[in-house]
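> My questions concern the predicted model and sequence given below.
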Amino acid sequence: QVQLVESGGGLVQAGGSLRLSCAASRRTSSTGAMGWFRQAPDKEREFVAAISLEGGITLYADSVKGRFTISTDNAKNTVYVQMNRLKLEDTAVYYCAAGRYTATTRVAYDHWGQGTQVTVSS
């Protein structure tokens with residue numbers, strides 16, 4: 001089993017920045033890609049960004065493109081998402097996920113973290 005631990009959430013004013021981190025307990029054949037999803041109250045969990053751990057292929061949701069940047073430190077089995085120019089609508093619980101392939105769908109990911117709250121205030 002792969003454990004994913006997120007950190008870096010918090011409260012930030014609109015226009016500000018946060019960086020989320022997600023550390024995986026180990027690398028396996030089922031952790032070829034890592035991604036971030038988010039879930040706002042009363043909404044479905046939605047894709048945010050994903051990256052392949054080899055080759056650096058990245059995917060972004062249209063809503064965050066140009067504002068969020070996903071990256072990895074393979075030596076640390078860690079993925080980051082730098083979130084800039086945050087908006088009120090970015091408020092959500094952010095979940096880290098790991099899977100075999102870079103994808104935008106939840107079913108593609110086998111391992112999930114517990115989530116970290118990001119709150120953007122006006």
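Perfect, thanks for sending it. Residues are numbered from 1 along each chain as shown.
> residue furthest from the geometric center of the protein?
residue 122 (22.9 Å; C-alpha atoms, centre = their mean).
> Now do the contacts for that residue.
By C-beta atoms under 8 Å, 6 or more residues apart in numbering, the contact set of residue 122 is 13, 14, 88. Just so you know, the C-beta spots here come from the backbone N, C-alpha and C atoms, and that holds for glycine as well.
> if you set the cut-off to 6 Å instead, what comes out?
Residues in contact with residue 122 (C-beta atoms under 6 Å, 6 or more residues apart in numbering) are residue 14.
> Give me the pLDDT value at it.
pLDDT recorded at residue 122 is 94.
> Between its first and last residues, how far does stretch 109-122 reach?
33 Å (C-alpha to C-alpha, to the nearest Å).
> can you map out the strands along the chain?
Secondary structure of the chain (DSSP state E): strands located at 4-7, 10-13, 18-24, 33-39, 46-52, 58-60, 68-73, 78-83, 92-99, 109-112, 116-121.
> For the shortest one, which outside residues touch it?
Surrounding strand 58-60, the residues in contact under the criterion C-beta under 6 Å, 6+ apart are 49, 50, 51, 70, 102, 104.
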